[in-house]
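Novice: I'd like to go over a predicted model; first the sequence, then the structure.
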Protein chains: 2
Amino acid sequence: MSSAAELPGFASEPGSAADRPYPGGIPEATVARLPVYLRALYMLAERGVSTVASDELARAAGVNSAKLRKDLSHLGSYGIRGVGYDVEYLVYQVSRALGLTQNWPVVIVGAGNLGRALAHYGGFVTRGFQIEAVFDTDQSLIGSDIGGVVVRPSSELEAVVTSQNIAIGVIAVPAGAAQAVCDRLVAAGVTSILNFAPLVLNVPEGVDVRKVDLSIELQILAFHAQRRSAERFDQAPDQTAAEA
Amino acid sequence: MSSAAELPGFASEPGSAADRPYPGGIPEATVARLPVYLRALYMLAERGVSTVASDELARAAGVNSAKLRKDLSHLGSYGIRGVGYDVEYLVYQVSRALGLTQNWPVVIVGAGNLGRALAHYGGFVTRGFQIEAVFDTDQSLIGSDIGGVVVRPSSELEAVVTSQNIAIGVIAVPAGAAQAVCDRLVAAGVTSILNFAPLVLNVPEGVDVRKVDLSIELQILAFHAQRRSAERFDQAPDQTAAEA
DNA sequence: TTATGTGAACTAATTCACAGCT
DNA sequence: AGCTGTGAATTAGTTCACATAA
């Protein structure tokens, strides 16, 4: 029914600020879940599903349906009461909200295991992002191919970032090298940094850093595991009913 | 001054539920930051710092000091007014809160780039966790060495998990294989799962799953980058002052 | 004097529950 | 009849500001 093409803005140039879609801004917690919804929507689309109700999409995304509907309501009113959401159209709307209707060229610094894993990771390569270059200082890696991109010497970082107008840089080097890499990226004009090195980066005002720490979640798991096993022994009278 | 050894429980057996330290429970948001504090504390300790004030530790961890103090207050009252925190002692207290004073044996399923990156990642290997086994189905990887651990065939997963009493499993396989791996881990007795595959896992009640999605943070970056560039063009009167 | 620990105030996020549209 | 969208209620998290202790 509600085909994507008939709605205003579907074919409009992405990045044009003429149509500002989210007047009040989207809550951070919602932004953080949109990629999850997007992935679930892609999976549904692949299975040939064209319409989905909030319950089903919520289940696929691992959240409850009230939260899903509230989240989507921040993007606009894109569902049909009594029916659900058009999958294709919602994919577009969520993509647009996330800024994925334009293509972001990114550079990855570090061609070790992690850099290579990133270059192949589903969703890193796909819609919205394109790996423009991978850098490393290790001579034995330079020139090798990673997912269709040739590894370049780090010395070329500034030239590539500047000439290709790169806004997003990914740091996948050891902790000891990360701040220096960060400084160079920022000096060359990068304003968004995804940091995989296990340390807090210092950046000037106006640069957005997000970190992914591969060990933090493991430590959180340990916390819960410990608590569960403690509860099994310890008959704390006011804690037993807290979670099943 | 306040040496760690003179405080009750320092040398006590970890895992003993006799001393239940956090009566009200620790807020999730706090738990998620404790690993960051722990890392900052280790860095200070390495630099020879023995005492640290909340401002300084907060700066090293990338949070504000009020939040840090509130977080630490949930673990107990381990600072000294007018002075600060004893680094060594606080390392111990935070470690204990996270359940890292005991050693958790973990298995990693998937010996691709990501699995190898994890096996070498600082903090994954270090205190609190020890990689008991790495599994893969790829014959060409089986038998190879990853950070001192030999890659085994996946068929041995159940035997290892059962005999070594593994509580934590890490899934680093492609999305298509992840649910099957998860089911096998759970059936073998694993109750905590760290999932790197880009999909939502289904697990029975009582199993704790946490996911790390390497692309979600990238998408969040794109959202903010888009918003910033939109603001530069678009003179929205009530949005300009929002952030500097 | 200095820096912690914490009630109180505030802000953000979640969940409820139902009006309103298809 | 069914499912969205959303105010209202609730819960969680953050920040303030200062009493308290070393």
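Specialist: Looks like it arrived, so ask away.
Novice: which ones are touching A:Lys67?
Specialist: By C-beta atoms under 8 Å, 6 or more residues apart in numbering or on different chains, the contact list for A:Lys67 reads A:33, A:58. (C-beta placed from N, C-alpha, C; glycine too.)
Novice: in chain A, where is pLDDT below threshold?
Specialist: Applying pLDDT under 70 to chain A flags residues A:1-24, A:123, A:125, A:232-244.
Novice: how much space between the residue of it found nearest DNA strand D and chain B?
Specialist: Among the residues of chain A, A:Gly79 lies nearest to DNA strand D; the distance is 2.8 Å by C-beta to the nearest atom of the strand. According to C-beta to the nearest C-beta, to the nearest Å, A:Gly79 stands 21 Å off from chain B.
Novice: give me the neighbour count for that residue.
Specialist: Number of residues near A:Gly79 (other C-beta atoms under 10 Å in any protein chain shown) recorded here: 20.
Novice: got the domain ranges for chain A?
Specialist: Domain assignment of chain A by automatic domain parsing yields the ranges A:10-98, A:104-212.
Novice: near chain B, anything from the last one?
Specialist: If I follow you right, that is domain A:104-212. Yes: using C-beta under 8 Å from any C-beta of the partner chain, domain A:104-212 comes into contact with chain B via A:104, A:106, A:112-114, A:116-118, A:120-124, A:128-129, A:167-168, A:170, A:174-175, A:191-194, A:198-200, A:205-206, A:208, A:210-212.
Novice: what residues are up against the residue of chain A closest to DNA strand D?
Specialist: A:54, A:69, A:72, A:85.
Novice: and if you look at A:Phe223?
Specialist: Here A:Phe223 is in contact with B:26, B:31, B:34, B:97-99 (C-beta under 8 Å, 6+ apart).
Novice: ok, for A:Asn113, nearest residue in space, not its chain neighbours?
Specialist: Closest residue to A:Asn113 apart from its sequence neighbours, by C-beta to C-beta, 6 or more residues apart in numbering or on different chains: B:Ala117 at 3.7 Å.
Novice: rewinding a little: buried deepest among the domains of chain A, which one?
Specialist: domain A:104-212 (a mean of 19; mean count of other C-beta atoms under 10 Å in any protein chain shown).
Novice: gap between the two ends of it?
Specialist: 19 Å (C-alpha to C-alpha, to the nearest Å).
Novice: got phi/psi on A:Val161?
Specialist: phi -60, psi -50 (degrees, to the nearest 10).
Novice: now the two most distant members of the contacts of A:Gly79.
Specialist: Taking C-beta to C-beta, the two most distant members of those are A:Arg69 and A:Tyr85; they sit 9.6 Å apart.
Novice: shared neighbours of these two, which are they?
Specialist: A:54, A:79.
Novice: assumed A:Val200 was part of a helix.
Specialist: No: A:Val200 is assigned coil when assessed by DSSP: H, G, I helix; E, B strand; the rest coil, not a helix.
Novice: what's it in contact with, if anything?
Specialist: A:211, B:36, B:40, B:60-62.
Novice: likewise for A:Ala40?
Specialist: For A:Ala40, counting by C-beta under 8 Å, 6+ apart, the contacting residues are A:57, A:60-61, B:200.
Novice: apply 6 Å and report the result again.
Specialist: Neighbour list for A:Ala40: A:60-61 [criterion: C-beta atoms under 6 Å, 6 or more residues apart in numbering or on different chains].
Novice: near DNA strand C at all, the helix or strand that it is a member of?
Specialist: Using DSSP states H and E, the element containing A:Ala40 is helix A:28-46. Yes: under the criterion of C-beta under 7 Å from any atom of the strand, DNA strand C is reached by helix A:28-46 at A:28-30.
Novice: now, among those, which is nearest to B:Leu221?
Specialist: So of the residues of helix A:28-46 next to DNA strand C, ranked by how close each gets to B:Leu221 (C-beta to C-beta), first place is A:Glu28, at 12.7 Å.
Novice: state the distance from that closest one to B:Arg227.
Specialist: 12 Å (C-beta to C-beta, to the nearest Å).
Novice: before we move on, what about A:Tyr92?
Specialist: 18 Å.
Novice: cool, and A:Asp136?
Specialist: Taking C-beta to C-beta, one finds A:Asp136 at 32 Å from B:Arg227.
Novice: what's the helix or strand hosting A:Ala177 packed up against?
Specialist: Here A:Ala177, judged by DSSP H and E, is contained in helix A:175-188. Identification of packing neighbours for helix A:175-188 by 3 or more C-beta pairs under 6 Å, 6 or more residues apart in numbering or on different chains; DSSP states H and E yields helix A:157-164, strand A:168-171.
Novice: who's in contact with that helix?
Specialist: Applying C-beta under 6 Å, 6+ apart, the external contacts of helix A:175-188 come out as A:109, A:157-158, A:161-162, A:169, A:171, A:173, A:197-199, A:201, A:203, A:207.
Novice: helices and strands around the longest strand seen in chain A, which ones?
Specialist: Longest strand of chain A, by residue count under DSSP state E: strand A:129-136. Under the contact criterion of 3+ C-beta pairs under 6 Å, 6+ apart, strand A:129-136 touches strand A:104-109, strand A:149-153, helix A:157-164.
Novice: check which element follows that strand along the chain.
Specialist: For strand A:129-136, the succeeding helix or strand toward the C-terminus, using DSSP H and E, is strand A:145-146.
Novice: which residue packs closest to A:Leu118, ignoring adjacent ones?
Specialist: A:Phe124 (5.4 Å).
Novice: what does A:Ala225 give?
Specialist: A:Ala225 sits nearest to B:Ser192 (C-beta to C-beta, 6+ apart), 4.8 Å away.
Novice: pick out the residue nearest the middle of chain A.
Specialist: A:Pro35 (6.1 Å; C-alpha atoms, centre = their mean).
Novice: re the thing from before, beta partners of the residue nearest to A:Ala225?
Specialist: Bridge pairing for B:Ser192 (DSSP bridges) gives the partners B:Ile168, B:Asp208.
Novice: can you tell me how far it is from B:Tyr121?
Specialist: B:Ser192 sits 18 Å away from B:Tyr121, going by C-beta to C-beta.
Novice: so the helix or strand encompassing A:Arg116 versus helix B:113-120, what angle?
Specialist: Applying DSSP H and E as the criterion places A:Arg116 in helix A:113-120. Counting by axes from the mean of the first three to the mean of the last three C-alpha atoms, to 10 degrees, helix A:113-120 lies at 160 degrees to helix B:113-120.
Novice: CA atoms only: put helix A:113-120 into PDB for me.
Specialist: What follows is helix A:113-120, C-alpha atoms only, in PDB (Å, rounded to 0.1, in the frame of the first residue of the first chain):
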ATOM      1  CA  ASN A 113      43.200  -9.000  13.300                       C
ATOM      2  CA  LEU A 114      40.700  -6.500  14.400                       C
ATOM      3  CA  GLY A 115      41.100  -4.200  11.400                       C
ATOM      4  CA  ARG A 116      40.600  -7.100   9.100                       C
ATOM      5  CA  ALA A 117      37.600  -8.400  11.100                       C
ATOM      6  CA  LEU A 118      36.000  -4.900  10.800                       C
ATOM      7  CA  ALA A 119      36.700  -4.800   7.100                       C
ATOM      8  CA  HIS A 120      34.700  -8.000   6.700                       C
END
